[in-house]
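Peer 1: When you get a sec, could you give me coordinates for this:
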Amino acid sequence: MKILALETAAKAVSVAITENGKVLAAGYQDTGLTHSTTLMPIVEGLFRNTGLAPVDVDVVAVSAGPGSFTGVRIGVSAAKGIAFAVEKPAAAVSTLAALARNVAFADGLIICAMDARRQQVYNALFEARDGILTRLTPDRAISLEDLAAELRNDPRPGQIVGDGARLCMDFMTKAGILCRLAPPHLVMQNAISVALEAEVLAAEGKLVTAQELAPVYLRPPQAERLRMERKLETDKNTKGC
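Peer 2: Sure, this is the predicted structure:
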């Protein structure tokens, strides 16, 4: 099974083409340019260099969130367009589950952490054993304080992955919780792990159509949150009149 995987949920953008767990080609860029500028040229380059075409892939996978609202939208929109054009199924991969795949070879507790700002992280906990991942929590937005309180009940030192790994590591260290950063080349999001997680979804019969593919945000975008806060304040002032 050939998979085209896209990862745009964080600062870097990456694309991979895999076949039955083997990486045929991969591209990664973290130069500060927007994903709308960099994503499709990488996709086109991988197809050109491998001699493959979009119709040759069996599944189009994408990191569907959580993550940057703009980044997730770009990735999901591109995946929907490709899957629809070649009439292939899609895989909506959890960004956090894909992150856990980075270090699934190392037995132990995996702490996935993406910076959600305001001292919060997008987080999920996993346990790795013999290369098999077991999910311990759902994907969630959680404060670092609440995450630290939860980890105090687990004596195992956790390995942290994600673009919020350093933020999480610093907080946990100050809180006296044992944890360590994943190796630098494995700490960040990447499309290869998105493809590996998509293989699991395919085996479990959890692929979706292009029409069904949708982003997962976990919490409303900043603009919507501000609009709701203004509405609550307006309603409060109106009732006080």
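Peer 1: can you pull out the strands in the protein?
Peer 2: Ranges of strands within the chain are 2-7, 13-19, 22-29, 59-65, 90-94, 108-117, 120-129, 132-135, 140-143, 158-161, 179-181, based on DSSP state E.
Peer 1: and the fourth one, how far out from the chain's middle?
Peer 2: Think strand 59-65. Chain-centre distance of strand 59-65: 9 Å, with C-alpha atoms, centre = their mean, to the nearest Å.
Peer 1: can you check the last one too?
Peer 2: Taking the mean C-alpha point of strand 179-181 and that of its whole chain, the gap between them comes to 19 Å (C-alpha atoms, centre = their mean).
Peer 1: those helices in this structure, which residues are they?
Peer 2: Remark: helices assigned in the chain by DSSP state H are 35-50, 69-86, 95-101, 144-151, 165-174, 191-203, 222-240.
Peer 1: got a markdown table for the ones you listed, with mean neighbour count and mean pLDDT too?
Peer 2: (Each C-beta comes from the backbone N, C-alpha and C, glycine too.) Listed next are the helices of the chain as a markdown table, based on neighbours: other C-beta atoms under 10 Å; pLDDT from 0 to 100:
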| stretch | mean neighbour count | mean pLDDT |
| --- | --- | --- |
| helix 35-50 | 16 | 96 |
| helix 69-86 | 20 | 97 |
| helix 95-101 | 28 | 98 |
| helix 144-151 | 17 | 96 |
| helix 165-174 | 18 | 97 |
| helix 191-203 | 23 | 98 |
| helix 222-240 | 10 | 59 |
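Peer 1: hang on, isn't Val62 packed against Gly81?
Peer 2: No: applying C-beta atoms under 8 Å as the test, Val62 and Gly81 come out as separate, 10.8 Å apart.
Peer 1: Of the strands of the chain, which is nearest Arg73?
Peer 2: Evaluated with C-beta to C-beta, the strands of the chain place strand 59-65 nearest to Arg73, the distance being 9.3 Å.
Peer 1: List the contacts of the residue nearest the centre of the chain.
Peer 2: Nearest to the geometric centre of the chain sits Thr95, at 1.6 Å (C-alpha atoms, centre = their mean). Applying C-beta atoms under 8 Å, 6 or more residues apart in numbering to Thr95 gives the contacts 7, 9-10, 63-67, 72, 114, 122, 189.
Peer 1: circling back to that earlier point, out of the helices of the chain, which gets nearest to Leu213?
Peer 2: Closest approach to Leu213 among the helices of the chain is made by helix 69-86 (5.1 Å; C-beta to C-beta).
Peer 1: Against which helices or strands is the closest one packed?
Peer 2: For helix 69-86, the packing partners by 3 or more C-beta pairs under 8 Å, 6 or more residues apart in numbering; DSSP states H and E come out as strand 2-7, helix 35-50, strand 59-65, strand 90-94.
Peer 1: for Arg140, which residues make a bridge with it?
Peer 2: On the basis of DSSP bridges, Arg140 takes part in beta bridges with Asn123.
Peer 1: Ala124 is in contact with that one, correct?
Peer 2: Yes: Arg140 is in contact with Ala124 according to C-beta under 8 Å; the separation is 6.9 Å.
Peer 1: Now for Ser14, how many residues are close by?
Peer 2: Residues near Ser14, counting by other C-beta atoms under 10 Å, number 25.
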